[in-house]
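Q: what's the 3D shape of this:
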Amino acid sequence: MADKESVSKLKLLSSHHEAGNVRTFVFETGGIKWIPGQCQCYVLPQAGTKEEDNLRYFTIASSPSEGEIHISTRVSQSRFKQALNAMKVGDEILAHGVEGDFTWEEESTEGVVLVAGGIGITPYRSILLARENHGKPLNAKLLYFNRDVDAAFETVLKALEAMHPELSVLMLIGEQISAEAILQHAPQASKQTLYLSGPESMVESVGSDLKKRGVNVKQDWFPGYDDKNY
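A: Below is the predicted model of the structure:
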């Protein structure tokens, strides 16, 4: 767990439905600074006395330019998710540190490939909006694998694509995520950096397969998800 000395209490400002069972919870920043793509540890003591019930890591889905911290997640029956969903405006969550190197800060114009499996789309929302805010090129191909048509952030991603011809967003609904599928849709990945985000088991297996094929892969995984609930 992150250093408890760096704990902050963040108030809930609002929450809203995204798509399917995905909901976004909007918190004040509490002065916290983060690089787009990084994650943070959150604790809700009301969810239970054990860490397995009251502690979760989430990638921050908002860009620092938005002045808010967004937690976007599938609302399951876990004690943590139910406690999060029950929060009222003004309620507080405990936030510990900021960490992770799943970031895209390079100025290169060569481009990257971004691959998301379901809720693994959250870091890309933060990354792309931040780059646009800073006037940086969005030279990327985004492969968004989702289990059904209820895909979070599709509207904002398509809006970014419409404004930036260097950005390509490909929605892949119901298609299995594999190294073969990724390289078929984005053959340039063999020569570019590939970002892979999604369920832990998928990221580990597909990431390993891509690396065996010589692809330069950066990984971000989400525990608690599999090929049925991502």
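Q: And the strand ranked longest in the chain, what's buried?
A: The single longest strand within the chain, with elements called by DSSP state E, is strand 7-19. Neighbour counts over strand 7-19 (16 or more other Cβ atoms under 10 Å) mark Ser8, Leu10, Leu12, Ser15, Glu18, Ala19 as buried. (Each C-beta comes from the backbone N, C-alpha and C, glycine too.)
Q: Same question for stretch 67-84.
A: 68-75, 78-81, 83-84.
Q: of the residues you listed, closest to Ala186?
A: Ser72 (24.1 Å; Cβ to Cβ).
Q: Look up how far Asp150 lies from that closest one.
A: 13 Å (Cβ to Cβ, to the nearest Å).
Q: Now do the shared contacts for those two.
A: Common contact partners of Ser72 and Asp150 (Cβ atoms under 8 Å, 6 or more residues apart in numbering): Val22.
Q: Let me see the contact set for the nearest residue to Gly214 once chain neighbours are set aside.
A: Spatial nearest neighbour of Gly214, excluding adjacent residues (Cβ to Cβ, 6 or more residues apart in numbering): Ser190 at 6.6 Å. When contacts are counted by Cβ under 8 Å, 6+ apart, Ser190 touches Leu183, Arg213, Gly214, Val215.
Q: Report pLDDT for Ser190.
A: Looking at Ser190, its pLDDT is 94.
Q: State the distance from it to Ile182.
A: Taken as Cβ to Cβ, the span from Ser190 to Ile182 is 10 Å.
Q: thinking again about what came up before, dump the buried residues of strand 7-19 into TSV; add distance to Gly37 as well.
A: Shown next, in TSV, are the buried residues of strand 7-19 (distance: Cβ to Cβ, whole Å):
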residue	distance to Gly37
Ser8	20
Leu10	19
Leu12	23
Ser15	22
Glu18	19
Ala19	21
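Q: Next, format those as JSON lines and append distance to Ile119 and pLDDT.
A: Formatted as JSON lines, those follow (distance: Cβ to Cβ, whole Å; pLDDT from 0 to 100):
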{"residue": "Ser8", "distance to Ile119": "24", "pLDDT": "93"}
{"residue": "Leu10", "distance to Ile119": "21", "pLDDT": "98"}
{"residue": "Leu12", "distance to Ile119": "20", "pLDDT": "98"}
{"residue": "Ser15", "distance to Ile119": "16", "pLDDT": "98"}
{"residue": "Glu18", "distance to Ile119": "10", "pLDDT": "97"}
{"residue": "Ala19", "distance to Ile119": "10", "pLDDT": "96"}
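Q: So what's the residue count around the spatially closest residue to Gly20 that is not a sequence neighbour?
A: Spatial nearest neighbour of Gly20, excluding adjacent residues (Cβ to Cβ, 6+ apart): Asp150 at 3.2 Å. Residue neighbour count, defined by other Cβ atoms under 10 Å, stands at 13 for Asp150.
Q: and what of the one 3 residues further on?
A: Neighbouring residues of Phe153 were enumerated by other Cβ under 10 Å; the total is 23.
Q: swap in the one 5 residues further on?
A: By the other Cβ under 10 Å criterion, the neighbourhood of Lys158 contains 12 residues.
Q: Start at 759, not 1
A: Let's use 759 as the start, then, which means that last one is Lys916.
Q: can you pull out the helices in this protein?
A: 809-812, 837-843, 880-891, 912-921, 937-943, 958-970 (DSSP state H).
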